[in-house]
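Student: dropping a prediction and its sequence here:
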Amino acid sequence: MAVREIRIYGDPVLKAVAEKVTNIDGAMVSIIDDMIDTLNASSNGIGLAANQIGVDKQIFIYSFDEDKPPKAIINPVITESDGEWVYDEGCLSVPGLHWEIVRPKVVNMKGLDINGNEVEIEADELFGRLIQHELDHLNGKLLLEYLDSDQVKEAKRAIREIVANRANNNPESKI
Ligand code: NI
C-alpha cells in the first residue's frame with residue numbers, strides 16, 4: 001500500500017480513455033489499496049479515478065464518511081440521468097480551483113464491486129455529481145471542458161503556477 005502522486009492537468013494519462021478491467025486480481029486490489037491511501041492522504045478528496053494515479057483502468061473510489069473505508073467501483077456505466085443541479089465542483093487533478101457547473105441531478109450507475117459482484121446505485125446531488133465526475137475522468141475528460149474560454153485561460157494560468165510551485169518545493173525535481 002502506498003500514497004501515489006496525483007496526476008495534474010496536462011498529464012496525458014488524464015486525457016486517455018481508461019481500459020476495462022477484465023480480471024479483478026491481486027494487482028487490481030493493490031491498485032485500489034493505493035487509490036484509497038492516496039485519497040485518504042488528500043485534502044478533502046471524496047473521490048478518485050485510477051488514471052489520477054497514472055493507472056489506465058476503469059476504476060474509481062469514493063468516500064463520504066471518514067469513519068468508513070472508501071469503496072471501489074469497477075467498469076462503471078451511467079445508465080440513466082435526470083434533472084439539473086448546480087454545484088461548485090473541484091478536482092484533485094486541478095488543485096485549488098473550482099467552478100459552478102450544471103449537470104444532471106440524479107444518475108443511475110452500474111458497475112462491479114471489488115469482489116466482482118454487480119452493483120447498481122441511484123445517486124443524487126453530491127453523490128450523483130461525484131459519479132459523473134469520476135466517469136468523466138475514466139473517459140479522459142476533465143471539468144475544464146465545461147468552462148468557457150475565459151475561465152479556461154484563467155484556469156491554465158493558475159495551474160501553471162501550482163505546478164511550478166510544486167516543482168520548486170520538491171528537492172528531487174530537475175529543471
Ligand atoms: Ni477529479
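Tutor: Right, received. Where do you want to start? Residues are numbered from 1 along each chain as shown.

Student: tell me the helices and strands packed up against the helix or strand harbouring residue 156.
Tutor: Using DSSP states H and E, the element containing residue 156 is helix 149-169. Judged by 3 or more CB pairs under 8 Å, 6 or more residues apart in numbering; DSSP states H and E, the packing partners of helix 149-169 are strand 94-103. (C-beta placed from N, C-alpha, C; glycine too.)

Student: the strand it packs on vs helix 149-169, what angle?
Tutor: For strand 94-103 against helix 149-169, the angle by axes from the mean of the first three to the mean of the last three CA atoms, to 10 degrees is 160 degrees.

Student: in strand 94-103, what counts as buried?
Tutor: By neighbour count with 16 or more other CB atoms under 10 Å, strand 94-103 contains the buried residues 94-95, 97, 99, 101, 103.

Student: what is the nearest of those residues to residue 33?
Tutor: Set against residue 33, the nearest of the buried residues of strand 94-103 by CB to CB is residue 95 (23.1 Å).

Student: separation between the closest residue to residue 53 other than its chain neighbours and residue 52?
Tutor: In space, and not counting its chain neighbours, residue 53 is closest to residue 4: 4.0 Å by CB to CB, 6 or more residues apart in numbering. Using CB to CB, to the nearest Å, we find residue 4 at a distance of 9 Å from residue 52.
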